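>>> Predicted coordinates and the sequence they were generated for:
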Amino acid sequence: MFIHNFKYSLKTLFRNKALIFWTFAFPIILGSFFNMAFSNIESSEKLDIINIAIIKNDDFNNNEIFKTAFEELSDKNNDDRLFETRYTTEEEAKKLLEDEEIVGYMKLVNDEPKLTFTTSGINETIFKYVSEEITQTSNIIKNLAEEEIKKEMIAGNYNIDYESIYNRVIELTEEDNVRLNNVSNSNLSYTMIEFYTLIAMACLYGGILGTVAINQNLANMTNQGKRVSVSPTSKGKIILSSVLASYITQLVGVALLFLYTIFVLKVNYGNKLGLDIALAMAGSLAGLSLGVAVATTIKSNDNVKTGIIIAITMLGCFLSGMMGITMKYIIDKNIPIINKLNPASMITDGFYSLYYYDTLDRYIFDIGSLLIFAFVLIAISYISLRSQKYDSI
Amino acid sequence: MTVFKTFLKILNKNKFIIILYTVFLIGFGGFNMQTSDNSTNFVASKPDIMIVNYDEEKGITKDLIKYITDNSNIIELNNNEEAINDGLFYRDVNYVIYIPENYSEDFMAGRNPEINIKSTGDYQSSFAEMLLSRYIKVANIYQKSIDNEDELISKINETLSKESEVEITSKLDTDGLAKATFYYNFASYSILACLVYVICLVLSSFKDIKIQKRTIISSTDYRKLNRQLLLSNSLFSIILWGVYVSLSFVLIGDVMFSNQGIIYLINSFIFTMCATTIALFIGNLVSNKNAINGIVNVIALGSSFLCGAFVPMEWLPDGVLKIAHILPSYYYISSNESLKTLEVFNLETMQPIITNMVVILGFSILFIILTNIVSKRKQKIG
């Protein structure tokens, strides 16, 4: 009987087109949209070459420091290249600025840079900052050279080799002696969260499968349920086999999504794939238990039950960052208890910790929470199923 | 009137969906609308930096912290690595500077101590690194010839205080315009989803085989029925548009009363009309009520993601934007985007926007023709 019911539950689940669309196809479609929309965000947040113009007046032509600095910063072979510089007249620069070809232009007046932008912004700030840096460097050179000359004079040496002093000072300013050591974790791609919430969504949507499978055995839901109720078979076996069938259907769906995100969308799950799979299975179990609990405890029609699961799933995904990644962070930081109870967030956070952290404490906490969540809901369903009796339907 | 009453009944049954999309619009449209001072002066961008200081706050360390603080937004997170790492991942902070123990002493002794940093790798963090490097570089240069810490600090500050003069040419309220564009871009999703959902449901209710048989044998002319359906659907579209526009006046304010505001209105009206024709086409094509929800999500989410309603167009890959050309939302959104920087209004500057509007109208006509072809084929029922 177990095998018989299991087989037919599988068949009915796989033949329900609307169900298969929402649990199998929809996450994949949504994932493809995410991929198209977000694939460029992070690279566009990298510092790009900034288009600028410099007005080629006498001031600029005679100012070696500015000239060489901008030449170097615009050099195509320089790894630290910042600018694409055009040398123009003031009229041309104004026209370029109007046409948004450049972010701004610089004009040297008495060796002081004057900048013109259309608005404020990060590129403008960097342009301004670099121009200040060059002014500051000339200021250093001036200060140090004066200092040196003073020293020579005090030493009684009036035959001063100005050029060698200047060269020495310039050499000093060109020395690269900033020692920074980057200790950040390497996996910093935050758009991954979107795909993790997607898996969370698929896991929880799977609950609908559980609801449908259970409904088939409930006397107050379907005619089939009435027949099952009066039949002399063990209810435990029937329920268990239906639940198992929906769990397997769910896992097929999540596995497909996993394969699609790994091979087509190139989502990075870190390097512990086994743990990722365990997490997805625990997540699916949590989704299943949610579906079963809703099916058994809420006495209403099919649409209301599915509606409740969708609502819980979407709210959970929203809080774990699907519609804006920072949402998860805001909740985690300010009201952590919400996401500790939210299954979508447990799943998302589990993937995140595998991807971003080397240690497993957080992952174990997440997967443990999921299992507890599933256990509590299954216990509730068990109690409520056991006591169900119908005087009349 | 019967038709219109039925229409209202169905509408009333589905008011939850309409409210939901409207809440989305207000939520997300409003979420992005933190007000900031709009000024015509230059406002330097400031990266979000966190400083973890293991040294005493004195001497060169204190001055370094002061320099970074003046040029950035200092973020205070719990000083544990997990909070900092989370903060970096979610871009709450762009750059973390760990000042080592005995930094100022080691620095004055000429040992040039190494500083640990954490960085998100985006442009904010690049700028943060420029700030930090700048300070260290200047300090290092002076340190070679100056031994007195106070003198050194005052020299560093003298050098770092040199600023460039900046002039801003645009008199546009860029902040307000950005908000308006974001709102109207997002509205394209709400409008499309709402209209397709509601209109499809209405049409499919009328196409229910029993109801259709009854309407066919009734004395009401089918042309009259179709006309009334079209009228009530258009009325619904216009009301929805009206609601969203009024919301925009409340949420965005001033900008909506400018020239740009008028064009946002016209543009969104034309798009609403186009969305109505799309909804009519899909409603005629699909008669399965269960399928409608799926179709709405795929079409509305798809065109919104591809055309930049959620993620700004400038951040979308070129390939995606090329595909987006086949969708009307693309033309609507690119008009909104170009409004952001439009300063002079004449035929020449307005030309791209007008072209976009014509294209959207073209789409509408195309969908009307397609609807006619489909409904003609589906006229016979067995």
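Nice, I can see it.

>>> centre of the chain versus the host helix or strand of B:Asp70, how much separation?
Assessed by DSSP states H and E, B:Asp70 sits inside helix B:59-71. The chain centre lies 36 Å from the centre of helix B:59-71; the measure is CA atoms, centre = their mean, to the nearest Å.

>>> ok, then the element right after it?
Taking DSSP H and E, what comes next after helix B:59-71 is strand B:73-74.

>>> hmm, that next one in reach of chain A?
No: for strand B:73-74, no contact with chain A is found by CB under 8 Å from any CB of the partner chain; the gap never falls below 13.0 Å. (C-beta placed from N, C-alpha, C; glycine too.)

>>> Direction included, what does that strand pair against?
Partners of strand B:73-74 in the sheet, by DSSP bridges, are strand B:48-53 (parallel).

>>> mind exporting the partner strand as PDB, just the C-alpha atoms?
Output of strand B:48-53 as PDB, limited to C-alpha atoms (Å, rounded to 0.1, in the frame of the first residue of the first chain):
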ATOM      1  CA  ASP B  48      31.700  54.900   4.300                       C
ATOM      2  CA  ILE B  49      34.800  54.000   6.400                       C
ATOM      3  CA  MET B  50      35.200  52.300   9.700                       C
ATOM      4  CA  ILE B  51      38.300  52.800  11.700                       C
ATOM      5  CA  VAL B  52      39.500  50.200  14.200                       C
ATOM      6  CA  ASN B  53      42.100  51.900  16.300                       C
END
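
>>> what's the single longest helix in the chain?
The chain I'm using is chain A. Secondary structure assigned by DSSP state H gives helix A:122-154 as the longest helix of chain A.

>>> Switch to chain B, please.
If you go by DSSP H, chain B has its longest helix at helix B:174-206.

>>> Can you name every helix or strand that it contacts?
Under the contact criterion of 3 or more CB pairs under 8 Å, 6 or more residues apart in numbering or on different chains; DSSP states H and E, helix B:174-206 touches helix B:2-13, helix B:15-31, helix B:209-217, helix B:222-252, helix B:259-285, helix B:289-307, helix B:328-339.

>>> Alpha carbons of the helix or strand just after the longest helix of chain A, in CSV - could you do that?
Heading C-terminal from helix A:122-154, the first helix or strand you meet, by DSSP H and E, is helix A:162-174. Taking Å, rounded to 0.1, in the frame of the first residue of the first chain, the C-alpha atoms of helix A:162-174 are listed here in CSV:
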residue,chain,number,x,y,z
TYR,A,162,69.0,74.2,-7.5
GLU,A,163,68.4,71.5,-10.1
SER,A,164,69.8,68.7,-8.1
ILE,A,165,67.8,69.8,-5.0
TYR,A,166,64.6,69.9,-7.0
ASN,A,167,65.4,66.5,-8.5
ARG,A,168,66.1,65.0,-5.1
VAL,A,169,62.8,66.4,-3.7
ILE,A,170,60.8,65.2,-6.6
GLU,A,171,62.3,61.8,-6.2
LEU,A,172,61.2,61.8,-2.6
THR,A,173,57.6,62.6,-3.6
GLU,A,174,57.5,59.9,-6.2
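
>>> How about helix A:162-174 and chain B, any contact?
Yes: applying CB under 8 Å from any CB, one finds helix A:162-174 in contact with chain B at A:172-173.

>>> Tell me which residues are up against the helix or strand just after that helix.
Downstream of helix A:162-174, the first helix or strand assigned by DSSP H and E is strand A:180-182. With contacts defined as CB atoms under 8 Å, 6 or more residues apart in numbering or on different chains, strand A:180-182 is touched by B:114-119, B:129, B:132-133.

>>> what lines up beside strand A:180-182 in the sheet?
Paired strands of strand A:180-182, with direction, are strand B:115-119 (parallel) (DSSP bridges).

>>> which residues sit against the partner strand?
So strand B:115-119 is contacted by A:179-184, B:84-85, B:88, B:94-100, B:103, B:125, B:128-129, B:132, B:136 (CB under 8 Å, 6+ apart).

>>> Can you go through those residues and name the buried ones?
Among the contacts of strand B:115-119, those classed as buried by 16 or more other CB atoms under 10 Å in any protein chain shown are A:184, B:84-85, B:88, B:94-100, B:103, B:125, B:128-129, B:132, B:136.

>>> if we can go back for a sec, give me the mean pLDDT for the longest helix of chain A.
Across helix A:122-154, pLDDT averages out at 86.

>>> which parts of that helix are buried?
A:122-141, A:143-145, A:147-148, A:152.

>>> What helices and strands are in contact with that helix?
Counting contacts by 3+ CB pairs under 8 Å, 6+ apart, helix A:122-154 is packed against strand A:50-55, helix A:64-73, strand A:104-109, strand A:112-117, helix A:162-174, helix B:123-143, helix B:149-160.

>>> returning to that earlier point: give me whichever of the helices and strands packed on helix B:174-206 is most buried.
helix B:328-339 (a mean of 25; mean count of other CB atoms under 10 Å in any protein chain shown).

>>> So, low pLDDT: which residues of the chain?
I went with chain A, as the question did not name one. Across chain A, the ranges flagged by pLDDT under 70 are A:387, A:393.

>>> nope, chain B
For chain B (pLDDT under 70), the answer is B:30-40, B:379-382.

>>> Any idea which residue is closest to the centre of it?
Centroid-nearest residue in chain B, with CA atoms, centre = their mean: B:Phe182, separated by 4.1 Å.

>>> quick one: it and B:Gly176 touch, right?
No: B:Phe182 is not in contact with B:Gly176 according to CB atoms under 8 Å; the separation is 10.8 Å.

>>> Distance to B:Thr272 added to the helices and strands packed on helix A:122-154, as a markdown table?
Conversion of the helices and strands packed on helix A:122-154 to a markdown table gives the following (distance: least, CB to CB, whole Å):
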| stretch | distance to B:Thr272 |
| --- | --- |
| strand A:50-55 | 37 |
| helix A:64-73 | 48 |
| strand A:104-109 | 39 |
| strand A:112-117 | 37 |
| helix A:162-174 | 61 |
| helix B:123-143 | 37 |
| helix B:149-160 | 54 |
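
>>> Which one of those lies nearest to B:Val296?
Ranking the helices and strands packed on helix A:122-154 by proximity to B:Val296 (CB to CB) places helix B:123-143 first, at 37.5 Å.

>>> Quick check, the residue in the stretch 251-393 of chain A closest to chain B?
A:Tyr329 (3.7 Å; CB to the nearest CB).

>>> Report the beta-bridge partners for the nearest residue to B:Ile65 once chain neighbours are set aside.
Leaving aside its sequence neighbours, B:Ile65 sits nearest to B:Ile51 (CB to CB, 6 or more residues apart in numbering or on different chains; 5.8 Å). Beta-bridge pairing of B:Ile51, defined through DSSP bridges, involves B:Ile97.

>>> And B:Ile51, how close does it get to B:Ser133?
Distance, B:Ile51 to B:Ser133, using CB to CB, to the nearest Å: 15 Å.

>>> can you pull out the helices in the stretch 151-300 of chain A?
Assigned by DSSP state H, counting those that start in this stretch, the helices in the stretch 151-300 of chain A fall at A:162-174, A:192-215, A:223-230, A:235-259, A:273-297.

>>> out of the contacts of strand A:180-182, who's nearest A:Ile335?
Among those, B:Lys118 lies closest to A:Ile335 (CB to CB), at 25.7 Å.
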